[in-house]
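Colleague: Have a look; sequence and predicted model below, questions after that.
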Amino acid sequence: MSDSPSAAAEIMDGVYSALRAHGYADLTMQDIADECSKSKSLLHYHYDTKEDLLVAFLDYVVTDSEERIAARADDPPVDRLVQFVGWFVFAPDEADREAFHIALLELRTQGPFNERIREQLARSDRLLRGTVADILADGIEAGVFRDVDVEETAALLVATLDGARTRQITLAGAERDAEGDGYTREVAEAALRRIVGPLLADGVELPPLDDAIEALRRDPDASENERQEADAAADEPE
């Protein structure tokens, strides 16, 4: 790829926009080129196939998420955990995010058949579970969480939130998902009550979920595309 970080980022932003507009199955290199103001021939110079480019995109978004998580490592453990839950929440009327998650869900189905894609999905899963486990371990050490099996609890929380997101995007418009704040919000609140709440040490309270979501949205270090990139990591399977 070009030595220019901005050129590389522009191509990755183009992949994001093209996935959102066209989905995975119908995505072409020309679609990506159109979104990033690069020629199709230039994309093929760096990436032989669409698969090569999508694997690079997954690597890019997971790396970005690793850096963003590391930047918050000194925040209070309770705040970090509620913000982690907040990443999975999106409203039914957020059409762009829904379209992006649908494309990622399509991409996830390639995992059993494509080793390179599977490796990136597994890396993302390790990041998600490891992040929660690290937060819990920090909280136990700080005396704000009770002593629990951090790996088991992390797996439970990630599976719960991931399942809620998958349900919301696959059943969009059905039942009550089309109304109010959406299923991801409903499950996030339940997870805080039923999974996170019992972990709290005496006298420790959870910050409001709305405050955590708002903090994520107004993060001065995060562009909208970076938020979507973090979504990509959070949307990959366990």
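Modeller: Received the coordinates, thanks.
Colleague: drop to CA atoms for contacts and neighbour counts, all remaining ones
Modeller: OK.
Colleague: mind giving me the domain split of this structure?
Modeller: If you go by the TED database, the domain ranges for the chain are 1-46, 63-217.
Colleague: Average pLDDT for the shortest one, rounded please.
Modeller: Which is domain 1-46. For domain 1-46, the mean pLDDT works out to 88.
Colleague: just stretch 183-196 next, same as before
Modeller: Rounded mean pLDDT across stretch 183-196 is 97.
Colleague: Give the buried residues for the longest helix that the chain contains.
Modeller: Across the chain, the longest stretch assigned as helix under DSSP state H is helix 115-142. Using 16 or more other C-alpha atoms under 10 Å as the test for burial, helix 115-142 gives 116-118, 120-125, 127-140.
Colleague: what are the ranges of the helices in the protein?
Modeller: Assigned by DSSP H, the chain shows helices spanning 5-22, 29-36, 40-46, 50-71, 77-87, 95-108, 115-142, 150-170, 183-191, 209-217, 224-234.
Colleague: and residue 202, which of those is closest to it?
Modeller: The minimum distance between residue 202 and the helices of the chain falls on helix 115-142, with 12.4 Å, by C-alpha to C-alpha.
Colleague: what angle do the closest one and helix 77-87 make?
Modeller: Inter-element angle recorded for helix 115-142 and helix 77-87: 150 degrees (by axes from the mean of the first three to the mean of the last three C-alpha atoms, to 10 degrees).
Colleague: packing partners for helix 115-142?
Modeller: Here helix 115-142 touches helix 50-71, helix 77-87, helix 150-170, helix 224-234, going by 3 or more C-alpha pairs under 8 Å, 6 or more residues apart in numbering; DSSP states H and E.
Colleague: what about 6 Å?
Modeller: In terms of contacts (3 or more C-alpha pairs under 6 Å, 6 or more residues apart in numbering; DSSP states H and E), helix 115-142 is packed against helix 150-170.
Colleague: Distance from the helix it packs on to the middle of the chain?
Modeller: 12 Å (C-alpha atoms, centre = their mean, to the nearest Å).
Colleague: If you count contacts, what does it end up packed against?
Modeller: helix 115-142, helix 183-191.
Colleague: can you pull the pLDDT of residue 174?
Modeller: Value listed for residue 174 in the pLDDT field: 58.
Colleague: what about residue 72, neighbour count?
Modeller: By the criterion of other C-alpha atoms under 10 Å, residue 72 has 12 neighbours.
Colleague: The closest residue to it other than its chain neighbours: neighbour count?
Modeller: In space, and not counting its chain neighbours, residue 72 is closest to residue 80: 7.4 Å by C-alpha to C-alpha, 6 or more residues apart in numbering. Residue 80 has 21 neighbouring residues, counting by other C-alpha under 10 Å.
Colleague: Next one: residue 80, what pLDDT does it get?
Modeller: On the pLDDT scale, residue 80 gets 97.
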